[in-house]
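Asker: predicted model and sequence below, questions to follow.
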Amino acid sequence: MKCPYCGHPDTRVVDSRPSDEGAAIRRRRECPSCGRRFTTYERTQLEPLMVLKRDGRKEPFNPDKLLRGLLLACEKRPVDREVLKRFAYTFEDQVPGPEISSEEIGLKAMAFLKELDHVAYIRFASVYREFDSVERFIEEIRRLSELPPVDKKEGA
């Protein structure tokens, strides 16, 4: 590691110990050139999940953005907020690769809401699928009415 004081390209580790409850390693280093000591911290850096947007851009996944959409869909519905938070904040752990399309996020969110609350599902789907007519709403509601009812005790 380069010395922050004199710029010497190599330093020696004098002491090393766990820090931040094991989430990091604290290292005391000494520069052989100027003799000064300094501390460095080594942490795991996970690559963020990248979202491929419809216009081709990529941006880091933001669970708060997903949660906001879920909360809007579930507004004034008997859905436990903690269930929505758990889905949003563990979503990244369920994705196997380093990248996911925004379309796939929407589909997974709709599948989650379909099991949780049909009204919230319709609300989310209407925005996500850009329903442009009453007929589209009716068509989706007909599809839902063919499914078995949602057990309210599980999700709410």
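Answerer: Yep, it's here.

Asker: what about the chain, any weak spots by pLDDT?
Answerer: Applying pLDDT under 70 to the chain flags residues 45, 147-156.

Asker: could you break it into its assigned domains?
Answerer: Here the domain assignment for the chain is 12-43, 50-155, based on automatic domain parsing.

Asker: distance from the last one to the middle of the chain?
Answerer: Yep, that's domain 50-155 we're talking about. 14 Å (CA atoms, centre = their mean, to the nearest Å).

Asker: over to the shortest one?
Answerer: With CA atoms, centre = their mean as the basis, domain 12-43 stands 32 Å off its chain's centre.

Asker: just the domains of the chain: most buried one?
Answerer: Greatest average neighbour count among the domains of the chain goes to domain 50-155 (a mean of 14), per mean count of other CB atoms under 10 Å. (C-beta placed from N, C-alpha, C; glycine too.)

Asker: phi, psi of the residue nearest in space to the middle of the chain?
Answerer: Within the chain, one residue has its C-alpha closest to the average C-alpha position: by CA atoms, centre = their mean, that is residue 63, at 3.8 Å. Backbone torsions of residue 63, given as degrees, to the nearest 10, read phi -60, psi -30.
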